[in-house]
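Make a model of this:
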Amino acid sequence: MEDLAVTLARAQFAFTMSFHIIFPAFSIGVASYLLVLEGLWLKTGKDEYLSLFKYWRKIFAVAFGMGVVSGIVMSYQFGTNWSVFSDKTGPVIGPLMAYEVLTAFFLEAGFLGVMLFGMGRVSKRLHFLATFMVALGTLISATWILAANSWMHTPAGYSINEVGQFIPENWMEIIFNPSFPYRLVHMVLAAFLTTAFVVGAVGAWHLLKDKNTATARKMFSMAMWMAAIIAPIQILAGDLHGINTLEYQPAKVMAMEGHYESHPHGAPLYLFGIPDDKAQELKFAIGIPNASSLILKHHLHAPLDGLDTIKAEDRPPVVILFWSFRIMVGIGMMMLCVGIISVFLRWRKKLYDSPLFHKFALIMGPSGFVAVLAGWITTEVGRQPYTVYGILRTSQSIGPVEAPAVGASLIAFVIVYFALFGAGTYYILKMMGQSPEDLGPLTESPVRIASPHLLEGENND
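So this is what the prediction gives:
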């Protein structure tokens with residue numbers, strides 16, 4: 001029953017986290033997109049940028065709200081299912097979470113209302129500042145969250161006291177731990193790509209209905225530029241992140257690559273196979289000789305250790321890692337293809353006249369979310385069997401909870417989450433199905449408030 005309680009607690013956290021992570025990943029990208037749109041409108045005065053800003057602002061508001069709600073619910077599990085983990089890591093994790101609230105959350109909360117409802121009520125400069133602050137807040141939030149999570153993967157700057165608590169010794173080492181820079185860049189780029197492909201899918205949807213719609217052409221063009229520029233950068237960032245992971249979490253990389261055995265003269269890159277943890281072998285393996293050594297160590301014949309060098313009780317589950325990693329990489333390569341094709345069509349002046357490509361972009365709309373989930377699964381499952389890598393095991397982190405209680409709460413979460421967030425997602429899709437041209441007049445009537453000096457330039461908004 002103790003093992004069942006751990007499994008159910010892990011499943012509950014994985015379920016709630018899977019729902020939560022997709023909303024911040026989307027809102028980070030949309031907030032920056034809104035900043036770009038408003039900046040371009042202020043610079044050029046073109047109504048299509050203002051129309052797109054108002055269109056995506058509504059979608060951002062709903063996604064942001066669902067992200068906040070799902071995050072609050074998820075955090076309670078640290079005090080219930082994972083109370084021992086919270087007790088032992090609280091001196092490190094607690095302040096990092098507090099910094100996120102004091103900086104990012106307060107910043108977002110302070111300016112969100114102005115961004116959502118202030119246009120036409122405050123000056124253009126103040127409104128643009130509010131949009132900038134909201135976008136900055138989402139990035140700061142990601143920074144603190146990734147700092148805390150990265151520390152759990154590559155702990156640094158701590159000592160352990162006599163009761164087993166992690167005590168901060170050097171906050172700079174804790175925050176800027178060895179994996180933090182790579183994981184932060186990888187996650188932020190993933191958020192930008194996720195948003196780009198959603199925007200591109202919405203643009204493609206409206207282009208398929210009317211290829212002459214100005215706002216559809218503009219959002220599709222901007223999304224394809226992002227895909228063409230960010231996708232190759234993300235692949236490079238992923239490569240650097242993989243090399244860092246090999247240095248600090250070699251068992252994770254071994255499982256990702258399906259390397260049950262060591263390869264002293266160069267390891268193959270397995271494209272396909274069926275991992276068998278019991279037999280400790282990759283069945284029906286199809287691979288490229290020495291390619292894994294070339295990617296991970298940049299030398300064809302560089303030796304790579306396998307899981308045969310890791311104690312059985314310290315190995316992560318290979319099946320999950322092997323496939324989640326390939327899903328993430330496969331989607332990344334498809335994103336790169338979309339970017340390359342868009343550049344070719346743009347060069348041929350056919351970007352808005354290719355229905356087949358528009359359908360492909362539409363299908364790729366949710367791909368960023370799938371890649372983010374696959375990447376998160378790869379990262380977190382690869383840390384097992386530890387919560388703090390190499391030090392605190394997952395089985396030692398769970399609180400005194402009973403399996404039936406955890407199971408009942410998990411069922412409740414499943415029912416409530418699918419009902420609540422399913423309705424929210426349906427509403428977002430319904431908004432996306434409407435054209436920006438359906439918003440009506442772009443001007444908003446200013447509302448007189450107690451401070452007239454804030455209304456400078458209100459009639460020009």
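
Which residues outside stretch 257-274 are in contact with it?
With Cβ atoms under 8 Å, 6 or more residues apart in numbering as the test, stretch 257-274 has contacts from 254, 275, 280-296, 300-309, 318, 322, 326. Where C-beta positions appear, they are placed from N, C-alpha and C, glycine not excepted.

ugh, wrong one, I meant stretch 390-408
Residues contacting stretch 390-408 (Cβ under 8 Å, 6+ apart): 1-6, 8-10, 12, 80-85, 88-89, 155, 160, 384-387.

Out of these, which end up buried?
Buried by 16 or more other Cβ atoms under 10 Å: 5-6, 8-10, 12, 81-85, 88-89, 155, 384-387, out of those.

ranges for the helices of this protein?
Here the chain has its helices, by DSSP state H, at 2-44, 47-75, 83-100, 106-117, 124-153, 171-175, 180-209, 214-248, 250-257, 291-297, 318-347, 355-363, 367-381, 403-433.

got JSON lines for the ones you listed, with mean pLDDT too?
Shown next, in JSON lines, are the helices of the chain (pLDDT from 0 to 100):
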{"stretch": "helix 2-44", "mean pLDDT": "86"}
{"stretch": "helix 47-75", "mean pLDDT": "84"}
{"stretch": "helix 83-100", "mean pLDDT": "87"}
{"stretch": "helix 106-117", "mean pLDDT": "84"}
{"stretch": "helix 124-153", "mean pLDDT": "90"}
{"stretch": "helix 171-175", "mean pLDDT": "92"}
{"stretch": "helix 180-209", "mean pLDDT": "92"}
{"stretch": "helix 214-248", "mean pLDDT": "91"}
{"stretch": "helix 250-257", "mean pLDDT": "89"}
{"stretch": "helix 291-297", "mean pLDDT": "85"}
{"stretch": "helix 318-347", "mean pLDDT": "92"}
{"stretch": "helix 355-363", "mean pLDDT": "93"}
{"stretch": "helix 367-381", "mean pLDDT": "91"}
{"stretch": "helix 403-433", "mean pLDDT": "84"}
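
so of those helices, which one's packed in deepest?
helix 250-257 (a mean of 25; mean count of other Cβ atoms under 10 Å).

now stretch 276-287, how far from the chain's geometric center?
Here stretch 276-287 is found 30 Å from its chain centre; the criterion is Cα atoms, centre = their mean, to the nearest Å.

tell me which residues in that stretch are buried?
The neighbour-count check on stretch 276-287 (16+ other Cβ under 10 Å) flags 282, 287 as buried.

what comes into contact with that stretch?
Contacts of stretch 276-287 (Cβ under 8 Å, 6+ apart): 258, 260-261, 268-275, 307-308, 317-319, 322.

List only those of those flagged as buried.
Using 16+ other Cβ under 10 Å, the buried ones in the contacts of stretch 276-287 are 258, 260, 268-270, 273, 275, 307, 318, 322.
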